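# need coordinates for the following:
(chains A and B)
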Amino acid sequence: MGLGLLASRALRSSRIIRNSTRTIVSTPELKNADAAAAAAAAADAPSDLPKRNPVGGARVHLPNPDDVIEVFVDGYPVKIPKGMTVLQACEIAGVDIPRFCYHSRLSIAGNCRMCLVEVEKSPKPVASCAMPALPGMKIKTDTPIAKKAREGVMEFLLMNHPLDCPICDQGGECDLQDQSMAFGSDRGRFTEMKRSVVDKNLGPLVKTVMTRCIQCTRCVRFASEVAGVEDLGMLGRGSGEEIGTYVEKLMTSELSGNVIDICPVGALTSKPFAFKARNWELKGTESIDVTDAVGSNIRIDSRGPEVMRVVPRLNEDINEEWISDKTRFFYDGLKRQRLNDPMIRGADGRFQAVSWRDALAIVAEVMHQIKPEEIVGVAGKLSDAESMMALKDLLNKMGSNNIFCEGNGMSPNADLRSGYIMNTSISGLEKADAFLLVGTQPRVEAAMVNARIRKTVKATNAKVGYVGPAADFNYDHEHLGTDPQTLVEIAKGSHPFSSALKNAKNPVIIVGAGVFDRDDKDAVFAAVDTIAKNNNVVRPDWNGLNVLLLNAAQAAALDLGLVPESDKCIESAKFVYLMGADDVNLDKLPDDAFVVYQGHHGDRGVYRANVILPASAFTEKEGIYENTEGCAQITMPAVPTVGDARDDWKIVRALSEVAGVALPYDSLGAIRSRIKTVAPNLLEVDERQPATFSTSLRPEVSQKVSATPFTPAVENFYMTDAITRASKIMAQCSALLKK
Amino acid sequence: MFGRLAAQRLNEIRTSIRRTTQASRSFSTALNYHIDTPDNKTDLPWEFNNANKEKVKEILSFYPSNYKQSAVIPLLDLAQQQNGGWLPVSAMNAVAKVVEVAPIRVYEVATFYTMFNRTKVGKYHLLVCGTTPCMIRGSRGIEEAILKHLGVKRNEVTKDGLFSVGEMECMGCCVNAPMMTVADYSNGSEGYAYNYYEDLTPKKAVEIVEAFRKGEKPPRGTQNPGRINCGPEGGNTTLLGEPKAPPCRDLDAAE
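Here you go, the predicted structure:
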């Protein structure tokens, strides 16, 4: 004991001596400028420095060669555009600077001081995140001064931080933990009382342990800059400072879950995921979100057969690094209400589990007894392209062409691809300077698109005009009207907003997919086309005419030509094949119709079904989905399927064989070759395929717009499909957060 | 040698334990979050009275119209004077509406500055300076005397609602230490006064409190009859004549 103490004392004293020598040698060049400059020049000579790679693959875009400056990071010369900060220069030079408050997508706060570096000729270490890089600046990131500065900052940060990593959900993926290991001291000197802070109630999604907070203010900046809810703030001063809402208020943003990711410590963690798993036990599967038409890039973290959480993946073109709350927290719906056995409804109205063989035999038999034109197939909003292709081929082989995808309406127009995708592309919205939203509320229909629009509006003060029912926006907008008559006025140029569109350089019109269900949809689109023509919305260098889809399956369904022969097919149907379709209106279906429901959740479609064929959810299969901007992406299986369920396309393939009309493919590769003959763009994965022809080729319509107001396409943001409706978390959210 | 080391270590442990018993400090009269009480709720109506509405306009005119939020501190001050010395959450909301920002941005300011009281204070809010010069000259005794006289604790309001006592950091009056400030909210924002009482003794401090209780306005400034403002007791001992002109140049010639 005594010896150990002595040893530690000796170590400590030697450390102190080393520290003091460090400070003495800190700025000799100030005293002897010429010699130091000469020495520095010698050191900077393009010598045998190894080539370094930028941090995280950061790329520099040098638009104007006059605005390029050269700085030296640890002696390594790097060319950067003017206006970059020291921290960014270091990143390009391949040096990762520790940081807590700095976040590339938020404004600069400069209050954590972790990013201190030494800059030659500067008397003190500088906060690199807030310091603009100047020509010829000599930045040093691994000198004793920089190291000591970081160590000191880290000691202050840990002063009031509870060392409760063993019970903290952030443990293992905590910036503070990692950086204190890398840059901190091996012991603390703090012996006073640590402060404690009252936890805040931010709602059912974000759990707060405010004592762990290090006051980086990332969440405050995220809430006010990206999410657009000015609820969080920094209250108090000095050591009493805390993050809070002052008056108790839930965080009612559709992006609130992202504060969990940006919080560098365990102060804001996921409430549903609390104490469920450690991050190192999880298997990450890179996949795609299908709860809306944006196709946000996600990572599904699973442990064994269970999806534990969903986190975003970086994709600058689609979701940047955010995802909506629905995407992040719907996953518990995958564990509830699942269909795991083929079932047949008996004479008593109850379902009875049967074998696949029996179930398929019955379906095939019934299918053959019915006239081909009375067979109808409906693809659900979560269907992948492969299964839709298989179902269409099966129905066509049976002689029917009555197949459609829910959400596209009964008479969708699939002729012109530009007529149903987002032609501007999601990232292209940032170039826009005027928006006209027609019957769409992006905030609930596609939260990530809304975040882009908000970003644009904040950056360029773009004008937003909105036609539709009164809605909640998180940016300034002008409510122009509630019915399509307003569009006619704008098209004529008699509406005050038409001048805003006319003066805009890059105007954008976004039509909501809710319009597809209107009787006067052709007239509405004609009016929109007129507006586009009058205001130069579609040019060779700019296409601002967009449709914002609602569901993940919609775009691929239209690409594959899932268009029913008759818009009255449901009324005359005798056999309906629902492939995960729960939101299709079956009220007019004749009572004697035979309904097959193939899907993964016991949701609305099951109530009317005669036979249930259990399928796998998108987390359990590989499938191509096309998002609203026309970018095809692939989901990857993260967990095994439930019970006796099978992939959608395999069920359809098996049924075709039992029915005697075997489809000519029996692998994913083969079915994709079949897709290639119909819609080759679906195989260009992760690359947006723009539409070739513009909507100006649309035929003339004689239809007149009606005076019926637009209706909201999504009533409840948190519950839009079978999985989200089965989710307990989403139910809590709709109860607490829905306004 | 080991014995000496052990003793040293024991001493270290002792000091560390002694230190941890120190209570946490609080800088403000209230918590950094709001708890609904019958007289402090978000849904209580609150607005500037007619006279103050004019003042609000005047204050806003000092700032560019696109930086209205700059007026948040003077407006909070006005609201506090009107509301008898403290800011209920509804008053902060009213200010937020005037300067057109989200309420949280006003809460941030109000919680940062310790002179914005977010709990009730007395009509006369006594703030005793607790910084080093005053402390050396006996400010703790003065605070103790007042607290004992009024029978309250720090930041507590007397039963009759007349007085509350708080502590404040240096108010720049060290030459006349010890001192206290009396914020007089008894007559709204028109009769608002914020006066320093300096050169206090415990007895004198209690006398001043009693004078306020009677409705008098005791003369502000030094309470030492031998001193004028911050001059020394018994008249000047130095700088007796007219100050000499700077030696470097001839001021008359410069004119």
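# which residues of the chain score low on pLDDT?
Going with chain A. A:1-51, A:739 (pLDDT under 70).
# please go with chain B instead
Checking chain B against pLDDT under 70 turns up B:1-3, B:10-11, B:13-29, B:249-251, B:253-255.
# from it, which residue is nearest to chain A?
In chain B, the residue that lies nearest chain A is B:Ala102 (3.2 Å; CB to the nearest CB). For glycine as for every other residue, the C-beta is placed from the backbone atoms N, C-alpha and C.
# what about that residue, how many residues nearby?
15 (other CB atoms under 10 Å in any protein chain shown).
# do the same with A:Glu248
Neighbours of A:Glu248 (other CB under 10 Å): 14.
# look at it and give its secondary structure.
Of the three states, A:Glu248 takes coil according to DSSP: H, G, I helix; E, B strand; the rest coil.
# what sits against it?
A:200-201, B:33-34 (CB atoms under 8 Å, 6 or more residues apart in numbering or on different chains).
# picking up where we left off before, would you list the phi and psi of the closest residue to the residue of chain B closest to chain A other than its chain neighbours?
Once flanking residues are discounted, B:Ala102 sits nearest to A:Glu230: 3.2 Å by CB to CB, 6 or more residues apart in numbering or on different chains. Phi and psi for A:Glu230, reported as degrees, to the nearest 10, are phi -90, psi 80.
# in contact with the residue of chain B closest to chain A, which residues?
A:224, A:230-231, B:96.
# excluding its backbone neighbours, what's nearest A:Phe717?
A:Val444 (4.1 Å).
# what strand or helix carries the one you found?
helix A:442-445 (DSSP states H and E).
# show me what that helix is packed against.
Helices and strands touching helix A:442-445, by 3 or more CB pairs under 8 Å, 6 or more residues apart in numbering or on different chains; DSSP states H and E, are helix A:447-460.
# other residues contacting the helix it packs on?
Here helix A:447-460 has contacts from A:225-228, A:254-255, A:292, A:294, A:296, A:318-320, A:322-326, A:422, A:426-427, A:429-433, A:435, A:442-443, A:462, A:464, A:474-476, A:548, A:628, A:717, using CB under 8 Å, 6+ apart.
# are any of those buried, and which?
Applying 16 or more other CB atoms under 10 Å in any protein chain shown to the contacts of helix A:447-460, the neighbour count classes A:226-228, A:254-255, A:292, A:294, A:296, A:318-320, A:322-326, A:422, A:426, A:429-433, A:435, A:442-443, A:462, A:464, A:474-475, A:548, A:628, A:717 as buried.
# mind giving me JSON lines with the contacts of B:Ala102 and columns for secondary structure, neighbour count and distance to B:Val165?
Converted to JSON lines, the contacts of B:Ala102 look like this (DSSP: H, G, I helix; E, B strand; the rest coil; neighbours: other CB atoms under 10 Å in any protein chain shown; distance: CB to CB, whole Å):
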{"residue": "A:Ser224", "secondary structure": "helix", "neighbour count": "19", "distance to B:Val165": "38"}
{"residue": "A:Glu230", "secondary structure": "coil", "neighbour count": "18", "distance to B:Val165": "36"}
{"residue": "A:Asp231", "secondary structure": "coil", "neighbour count": "22", "distance to B:Val165": "35"}
{"residue": "B:Ala96", "secondary structure": "helix", "neighbour count": "22", "distance to B:Val165": "30"}
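# contacting residues for A:Glu622?
Applying CB under 8 Å, 6+ apart, the residues near A:Glu622 are A:634-637, A:668.
# if you set the cut-off to 6 Å instead, what comes out?
By CB atoms under 6 Å, 6 or more residues apart in numbering or on different chains, the residues touching A:Glu622 are A:636-637.
# relative to A:Gly660, how far out is it?
Separation of A:Glu622 from A:Gly660 (CB to CB, to the nearest Å): 28 Å.
# cool, B:Lys159 as well?
Distance from B:Lys159 to A:Gly660, by CB to CB: 94 Å.
# which SS state does A:Arg672 fall under?
With three-state DSSP as the criterion, A:Arg672 reads helix.
# can you get me a residue count around it?
The tally of other residues near A:Arg672 (other CB under 10 Å) stands at 16.
# so what's the residue count around the closest residue to it other than its chain neighbours?
Closest residue in space to A:Arg672, ignoring its immediate chain neighbours: A:Leu683 at 6.0 Å, by CB to CB, 6+ apart. A:Leu683 has 16 neighbouring residues, counting by other CB under 10 Å.
# same thing with A:Cys733?
A:Cys733: 27 surrounding residues under other CB under 10 Å.
# just A:Cys112 next, same as before
Close neighbours of A:Cys112, defined as other CB under 10 Å, add up to 23.
# try A:Thr708
By other CB under 10 Å, neighbour count at A:Thr708 equals 12.
# and what of B:Asn83?
Residues near B:Asn83, counting by other CB under 10 Å: 20.
# residues contacting A:Gln179?
Each residue near A:Gln179 by CB under 6 Å, 6+ apart is listed here: A:Pro98.
# residues contacting the closest residue to chain B within the stretch 151-300 of chain A?
The minimum distance from the stretch 151-300 of chain A to chain B, using CB to the nearest CB, falls at A:Glu230 (3.2 Å). The neighbours of A:Glu230, taking CB under 6 Å, 6+ apart as the test, are A:224, B:102, B:104.
# can you classify the closest residue to A:Asp522 other than its chain neighbours by secondary structure?
Distances taken as CB to CB, 6+ apart put A:Val701 closest to A:Asp522, at 4.4 Å, once the chain neighbours are dropped. Recorded secondary structure, A:Val701: coil (three-state DSSP).
# tell me, how many residues neighbour A:Val701?
As a burial measure, A:Val701 scores 15 neighbours (other CB under 10 Å).
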